[in-house]
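S.K.: Got a sequence here, can you model it:
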Amino acid sequence: MEKFHSSSARSMPGRVFTQLLEVAQDQHGYVTPRDARALNINPLRLQDLVRQGLAEHVAHGVYRIVLVPMTALDQYMEASLWPQVARGVLCAETALDLHELCDVNPAKIHMTVPTGYRPRRDVPKLYTLHYCDLDDQDVTRHEGIPIVTPYRAILDGIGSHLGSRLLGQAIDNAKARGLLTREQLADVRRRQKAPDPA
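M.R.: Coordinates of the predicted model:
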């Protein structure tokens with residue numbers, strides 16, 4: 001049976017809060033029950049923090065420590081934590097935008113989740129899920145937020161039939177910034193020019 005720290009709510013803020021705060025500082029202020037369990041802390045302690053005004057319950061299974069300053073990237077971190085078990089990876093147009101590869105302006109936050117993942121609750125309207133089992137080499141971090149690499153983001157754009165102007169812009173920018181290997185550059189150019197299968 002899993003053991004948890006037995007600190008009472010009256011002892012907070014204390015060691016439990018400090019441990020959760022350290023995690024939150026690496027995740028734009030956000031923590032989840034999964035994070036608590038990884039620290040051997042009873043996830044119910046997150047609700048104690050909410051009652052004490054030290055945290056906010058922002059979505060199912062997602063909490064935000066209020067001491068951590070908010071940033072423009074908060075919504076992306078929250079999105080990546082929303083699937084909980086799966087842990088989403090920002091992808092497609094969202095990744096192209098955050099990598100500043102082209103002038104795409106996504107209306108939704110695009111996330112890749114494993115093919116076997118099935119949401120237990122309705123997916124928020126702001127999120128678009130893409131189902132794919134990513135390799136480790138496909139994933140990087142943008143200010144601590146899991147996101148696909150520029151190469152993978154361009155492949156996502158090709159796969160979703162993003163406009164040729166935006167794709168060309170993304171490829172040119174990635175090349176100019178040295179974000180693609182010679183092989184990757186040749187691959188995306190070949191794929192971009194390939195006709196759609198009948």
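
S.K.: Can you give me the pLDDT of the spatially most central residue of the chain?
M.R.: Geometric centre of the chain, nearest residue: residue 80, 3.0 Å, by C-alpha atoms, centre = their mean. pLDDT, residue 80: 92.

S.K.: need the contact list for the nearest residue to it once chain neighbours are set aside.
M.R.: Distances taken as C-beta to C-beta, 6 or more residues apart in numbering put residue 88 closest to residue 80, at 4.7 Å, once the chain neighbours are dropped. Backbone N, C-alpha and C define where each C-beta goes, glycine included. Contact analysis of residue 88 by C-beta atoms under 8 Å, 6 or more residues apart in numbering lists 79, 80, 81, 82, 111, 112, 113, 127, 129, 146.

S.K.: my read: the residue nearest to the centre of the chain touches residue 112, true?
M.R.: No: at 10.1 Å, residue 80 and residue 112 do not qualify as touching, with contact defined as C-beta atoms under 8 Å.

S.K.: and for those two, which residues touch both?
M.R.: Here residue 80 and residue 112 have 88, 89, 90 as joint contacts, going by C-beta under 8 Å, 6+ apart.

S.K.: Check the gap between the last one and residue 164 for me.
M.R.: Note on residue 90: its distance to residue 164, by C-beta to C-beta, to the nearest Å, is 23 Å.

S.K.: More neighbours: which of these two?
M.R.: Using other C-beta atoms under 10 Å, the more surrounded residue of residue 90 and residue 164 is residue 90, with 26 against 11.

S.K.: Quick check: bridge partners of that one?
M.R.: residue 111, residue 147 (DSSP bridges).

S.K.: If you average the pLDDT over stretch 49-58, what comes out?
M.R.: 94.

S.K.: Just the buried positions in that stretch, please.
M.R.: Neighbour counts over stretch 49-58 (16 or more other C-beta atoms under 10 Å) mark 49, 54, 55 as buried.

S.K.: Look at it and report the distance between its end residues.
M.R.: Length of stretch 49-58, first residue to last, C-alpha to C-alpha, to the nearest Å: 13 Å.

S.K.: what does it contact?
M.R.: Counting by C-beta under 8 Å, 6+ apart, residues outside stretch 49-58 touching it are 9, 12-13, 17, 20, 30-31, 46-47, 63-67, 78.
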